[in-house]
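**Student:** Kindly generate the corresponding structure for this input.
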Amino acid sequence: MSVVFSEEKIIKIEELKTALDASLLNNKRMTKKLTNLEEVNSNLRSSLMAANAEAVDFRKSYSQMRLQLEAYGIEAVTDGQTGIEARLIKAMNDIRILEEEKMGLSEALINLSDGSLKFIKLAEEKSLDNVVIDEMRELVDEADKSLGIGSLIVSDINTKGTIHEAGIIGVKDDYGIVVINVGSNSGAKIGMPFRLFRKDRPLGASVIVDVRDNVSAALIKNLKAEEDYPKVGDLASVDTTKN
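**Tutor:** As a prediction, this is how the structure comes out:
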């Protein structure tokens, strides 16, 4: 038994078939778009993760850089142009001060050099007098001040002693050094121990660290009492109990 459709039903069937084909085609397109969107979304997630990681690294780098700047003494790293200008002005001022100190030091050392040549020449001629000695002391003091070193207190350097009966003729308290009026001509040697006295009272011990012909520099090793610091006029004697 065959089924016969009317022309109207055939048209409806054709329309339904066309609509179904169109729906299937649209569904296929949507599926493809969805796949593409999922791929794009996956790429965006990867990019976001990478960006977040880079942001973390950047923040770490920035923090480290800031700490380094602060460690170098740049406290106001967020002051902008004003802060930069202030630091530049301070740097220029520091440079100016250093240049002035450098010029002062150069002048003091040149004067000391000239004075030393004159002093040596007169010493060789054995024509030293107290005026020349005082001038030399002043030049040494000026050079010391320019170098940031305290002045040297010196007594009459023409007085000679022996290793058993020596006297302190100079004190360099910022270095803990005394100058005694005995040198290599009298048997003084580097490393030789000397006891220090004030009259008959012991002050402490010292050891020779530099020797010239008639004078030596001794480093103070220990003191009996801090208030009894050696001064010009105190006595020194070789310590025969030490090797």
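
**Student:** what's downstream of the lowest-mean-pLDDT helix or strand in the chain, the next helix or strand?
**Tutor:** In the chain, the helix or strand scored least confidently by mean pLDDT, DSSP states H and E is strand 153-154, which has a mean of 52. As assigned by DSSP states H and E, the chain's next helix or strand after strand 153-154 is strand 166-172.

**Student:** pLDDT of that next one, averaged?
**Tutor:** Averaged across strand 166-172, pLDDT comes to 86.

**Student:** Equivalent analysis for stretch 25-45, please.
**Tutor:** 68.

**Student:** can you point me to the longest strand in the chain?
**Tutor:** Selection of the longest strand in the chain by residue count, based on DSSP state E, yields strand 201-211.

**Student:** Using CSV, write out every CA atom in the helix or strand following that one.
**Tutor:** Next along the chain after strand 201-211, taking DSSP H and E as the criterion, comes strand 216-223. Coordinates of each C-alpha in strand 216-223 appear next as CSV, following Å, rounded to 0.1, in the frame of the first residue of the first chain:
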residue,chain,number,x,y,z
SER,A,216,112.9,57.0,67.5
ALA,A,217,109.1,56.6,67.4
ALA,A,218,107.6,54.2,70.0
LEU,A,219,104.1,52.7,70.0
ILE,A,220,102.5,52.8,73.4
LYS,A,221,101.4,49.2,74.2
ASN,A,222,99.7,49.6,77.5
LEU,A,223,99.4,52.2,80.3
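
**Student:** average model confidence for strand 216-223?
**Tutor:** 86.

**Student:** how about that strand: buried residues?
**Tutor:** 216-218, 220, 223 (16 or more other CB atoms under 10 Å). Every C-beta, even on glycine, is put in place using the N, C-alpha and C of the backbone.

**Student:** after that strand comes which helix or strand?
**Tutor:** Counting by DSSP H and E, what follows strand 216-223 is strand 235-238.

**Student:** Flag every buried residue along the longest strand of the chain.
**Tutor:** Counting neighbours by 16+ other CB under 10 Å, one finds that the buried residues in strand 201-211 are 203-206, 208, 211.
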